[in-house]
Each structure stands twice: as structure tokens, then as C-alpha cells.
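> Quick one, fold the following:
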Amino acid sequence: DGPVIDADGWEDMMDGKVRKRTVKAGKGDAVDLQRDVLCSFDVRLSLDGEILQRRKNIRYRIGESEAIPGLELALRHMF
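Next up, the predicted model:
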């Protein structure tokens, strides 16, 4: 069984508490702990899509609590 992705391309990661949508697929395997990742993201309101924060080319080390838990979970599953 693969991931469940809705009609808009969102994948539910934690019973609706965390969702992710891959805009551009990466290459390679899932990210291991203690590896660095580079990402860009928008934080939006779910009601109207208003952008609250936009970050580009931010580096995080997985497993070091540098990113909020929901973002780290999504990053570990983007491959």
C-alpha cells in the first residue's frame, strides 16, 4: 500500500495534523538521521491560502530538532 494522496496532491502524514505536497520530486532515497537537507517552503493559512511565511534554500540537519517536528517529518519522507 502506497501513500494516500487527495485530488489536490496532498498526502496525509498524521491523521490530518500534518500534510505534505511534493511540488518537484527529488532524486534518491529517504533521508537518514544526521543528514543535511536543503528545502524551500511556504507556511499558509488553511482557510484562504494566505502566505504567512516564505523560506527559500534553508538547510536543516535531520534529527537535530532544527526544524519544527511536522516539517522534519515531511522532509524525511520526500524522496
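> Which secondary structure element is home to residue 42?
Residue 42 is located in strand 36-44, with elements delineated by DSSP states H and E.
> Next, the buried residues of that strand.
37, 39, 41 (16 or more other CB atoms under 10 Å). Every residue, glycine included, has its C-beta placed from N, CA and C.
> Is the second one bridged to anything, and to what?
Meaning residue 39. residue 58 (DSSP bridges).
> And it, how close does it get to residue 18?
Separation of residue 39 from residue 18 (CB to CB, to the nearest Å) stands at 15 Å.
> how about the strands in the protein?
For the chain, the strands defined by DSSP state E cover 11-12, 19-20, 36-44, 51-61.
> what helices or strands is the second one leaning on?
Okay, so that is strand 19-20. strand 11-12 (3 or more CB pairs under 8 Å, 6 or more residues apart in numbering; DSSP states H and E).
> Strand partners (parallel or antiparallel) of the helix or strand of the chain with the lowest mean pLDDT?
Every helix and strand in the chain was compared by mean pLDDT, DSSP states H and E; the lowest is strand 19-20, with a mean of 82. Here strand 19-20 has these sheet partners by DSSP bridges: strand 11-12 (antiparallel).
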